[in-house]
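**Student:** need the 3D shape of this:
(chains A, B, C and D)
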2 protein chains.
Amino acid sequence: MPGLSRATVARLPRYLRLLEDIDAERETVSSGDLAGAAGVNAANVRRDLSALGFQGTRGVGYSVAPLRDRIRRELGIDSRRRVAIVGAGNLGTALARYTGLGKRGFDVVAIYDVDPARIGERIGELTVLDLERITADCAAGNFEMAILAVPAGAAQPVADLLSSAGISSILNFAPQRVSVPDGVAVRHVDLSVELQILSYYG
Amino acid sequence: MPGLSRATVARLPRYLRLLEDIDAERETVSSGDLAGAAGVNAANVRRDLSALGFQGTRGVGYSVAPLRDRIRRELGIDSRRRVAIVGAGNLGTALARYTGLGKRGFDVVAIYDVDPARIGERIGELTVLDLERITADCAAGNFEMAILAVPAGAAQPVADLLSSAGISSILNFAPQRVSVPDGVAVRHVDLSVELQILSYYG
DNA sequence: TAGATTGTTAATCGATTAACAATC
DNA sequence: TAGATTGTTAATCGATTAACAATC
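**Tutor:** Okay, the predicted model is just below:
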């Protein structure tokens, strides 16, 4: 049903960023403009937009506003997504304070930790909640996505809790891959893995 | 000269993690063990290790210690890499306090900011330095890699400074892609892009 | 020998890109 | 008409995987 390839989906947010930042007076963009911003080939852009069923005009380009709306709709950004952060350590706290997510359609609605010394602490507009509550809160439909900012050993147990409570997606920053049942989407971002890859090419 | 495919390099750190965490008494691992830990196919593992020129023993598996050392050497982890963090906001501060990097061969040696109110502030063992100094410090060989944790608008200018000062690699957390000259390696990690991709599949 | 596991081939897959006719 | 740019084809590329002979 998705229809769009993984690689195409990964590029849509980049196109969207250009379309949102572009001069309000610009009415059209070419595949070359989009390619430049996203760091890809212009033919690739045309193919992506074609897969989206979005048509441009030969000799002219693509209409900015309709394309922007089409990508937003495809990514589901017209309806906001609610995100919980798990782990109120350095990284979790930093993510909770980051205001850039709100502009992109994501609302951070809760942050959880196991440390009694942290529970109840205020971080921006949020109060750190007891991790014990997370299953109930997730099952109650308070959020659809979670960001894991926990130590390696806690990643899989927390992912299990969330999966059984019906979470849709997990973004995992813990230095440990987690496995989840079918139907739950996961992405891993591992800082030292990223640096090691860079280090190899540097 | 690299010889290893990008995809293979990206998997090596995952294999390494298993090899470092494994029971000290285990002398061998099979491609199936490594595949399970890394979330890939066993044939893929064998192909990767073969590309590395590392041989196993049929019917037995791969020797843990030599394989671990071989991967470390390939990734250049036997020599430590020095990393500077640019931007002492929420994220930059969290990264500076993160102790996981040291265990993986990366030393955070400096953190920079432009805000006079932050310059001189202590973060763990580091003192926030004036961004003005970064070109000189980089050119002096104080570090080889940089992590950008700056606002979107600052990413490209900072990347330009670092490139001209001879940086090897940049890990960019700013919500804005940067372009750099040949010879500088860059990776982008964009939190809201990651969430948008997840959101599509969730 | 019997069971396990490697190393490699061949098939397949998914994605990228050059090129160019179509057409604004 | 002349210039620009799309939409799509065909070629290519890089990576994955099943399968199995080799061999411990």
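**Student:** any idea what A:Val128 is bridged to?
**Tutor:** Using DSSP bridges, the bridge partners assigned to A:Val128 are A:Ile111.
**Student:** quick one, phi/psi of A:Asp107?
**Tutor:** phi -110, psi 120 (degrees, to the nearest 10).
**Student:** surely A:Tyr15 is in a strand?
**Tutor:** No: according to DSSP: H, G, I helix; E, B strand; the rest coil, A:Tyr15 belongs to no strand; its state is helix.
**Student:** next one: it from chain B, what distance?
**Tutor:** As judged by C-beta to the nearest C-beta, to the nearest Å, A:Tyr15 and chain B stand 11 Å apart. For glycine as for every other residue, the C-beta is placed from the backbone atoms N, C-alpha and C.
**Student:** what's the per-residue pLDDT of that residue here?
**Tutor:** Per-residue pLDDT puts A:Tyr15 at 95.
**Student:** what does A:Glu25 give?
**Tutor:** Here, the pLDDT recorded for A:Glu25 equals 88.
**Student:** could you pull up the residues touching it?
**Tutor:** Contacts for A:Glu25 (C-beta atoms under 8 Å, 6 or more residues apart in numbering or on different chains) come out as none.
**Student:** what do you get for A:Ser31?
**Tutor:** A:42-43, A:45-46, A:49, A:56, A:61-62.
**Student:** switch to 7 Å and redo it
**Tutor:** A:Ser31 makes contacts with A:42, A:45-46, as judged by C-beta atoms under 7 Å, 6 or more residues apart in numbering or on different chains.
**Student:** of those residues, which is the nearest to DNA strand C?
**Tutor:** Lowest distance from DNA strand C to the contacts of A:Ser31 (C-beta to the nearest atom of the strand) belongs to A:Arg46, with 6.8 Å.
**Student:** that closest one - that's part of a strand, no?
**Tutor:** No: using three-state DSSP, the assignment for A:Arg46 is helix, not a strand.
**Student:** any idea how far chain B is from it?
**Tutor:** From A:Arg46 to chain B the distance is 20 Å (C-beta to the nearest C-beta).
**Student:** what does chain A put close to DNA strand C?
**Tutor:** A:5-8, A:40-41, A:43-44, A:46-47, A:57-60 (C-beta under 7 Å from any atom of the strand).
**Student:** related to what we said a few turns ago, let's have the contacts of A:Ser31 in TSV, adding pLDDT and distance to DNA strand D.
**Tutor:** Formatted as TSV, these follow (pLDDT from 0 to 100; distance: C-beta to the nearest atom of the strand, whole Å):
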residue	pLDDT	distance to DNA strand D
A:Ala42	97	6
A:Val45	98	8
A:Arg46	98	4
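**Student:** would you turn those into CSV with distance to A:Arg14?
**Tutor:** Output for the contacts of A:Ser31, formatted as CSV (distance: C-beta to C-beta, whole Å):
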residue, distance to A:Arg14
A:Ala42, 14
A:Val45, 10
A:Arg46, 15
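**Student:** most neighbours among the residues you listed, please name it.
**Tutor:** Most neighbours among those, by other C-beta atoms under 10 Å in any protein chain shown: A:Val45, with 25 neighbours.
**Student:** can you tell me the closest non-neighbouring residue to A:Ala10?
**Tutor:** B:Ile197 (5.6 Å; C-beta to C-beta, 6 or more residues apart in numbering or on different chains).
**Student:** show me what the helix or strand hosting the one you found is packed against.
**Tutor:** Taking DSSP states H and E as the criterion, B:Ile197 maps to helix B:191-201. In terms of contacts (3 or more C-beta pairs under 7 Å, 6 or more residues apart in numbering or on different chains; DSSP states H and E), helix B:191-201 is packed against helix A:6-21, helix A:64-75, helix A:100-103, strand A:169-172, strand A:185-188.
**Student:** just name the most buried of those.
**Tutor:** Of all the helices and strands packed on helix B:191-201, strand A:169-172 carries the top mean neighbour count, a mean of 24, counting by mean count of other C-beta atoms under 10 Å in any protein chain shown.
**Student:** on the pLDDT front, check the nearest residue to A:Asn44 once chain neighbours are set aside for me.
**Tutor:** Closest residue to A:Asn44 apart from its sequence neighbours, by C-beta to C-beta, 6+ apart: A:Ala35 at 7.0 Å. The per-residue pLDDT reported for A:Ala35 equals 96.
**Student:** just the element for A:Ala35, please.
**Tutor:** Per DSSP H and E: A:Ala35 is located in helix A:31-38.
**Student:** just want the angle from that helix to helix A:64-75.
**Tutor:** 50 degrees (axes from the mean of the first three to the mean of the last three C-alpha atoms, to 10 degrees).
**Student:** for A:Arg122, name its beta-bridge partners.
**Tutor:** Note on A:Arg122: beta-bridge partners by DSSP bridges are A:Thr127.
**Student:** gap between the closest residue in space to A:Pro66 that isn't next to it in sequence and DNA strand C?
**Tutor:** Residue nearest to A:Pro66 in three dimensions, not counting chain neighbours: A:Phe54, with 7.7 Å by C-beta to C-beta, 6+ apart. Separation of A:Phe54 from DNA strand C (C-beta to the nearest atom of the strand, to the nearest Å): 15 Å.
**Student:** would you agree A:Phe54 is in contact with A:Arg70?
**Tutor:** Yes: between A:Phe54 and A:Arg70 there is a contact at 5.2 Å, judged by C-beta atoms under 7 Å.
**Student:** which residues sit in contact with the most centrally placed residue in chain A?
**Tutor:** Centroid-nearest residue in chain A, with C-alpha atoms, centre = their mean: A:Leu171, separated by 7.4 Å. Contact analysis of A:Leu171 by C-beta under 7 Å, 6+ apart lists A:147, A:187, A:189, B:194-195, B:198.
**Student:** quick one, which of these are buried?
**Tutor:** A:147, A:189, B:194-195, B:198 (16 or more other C-beta atoms under 10 Å in any protein chain shown).
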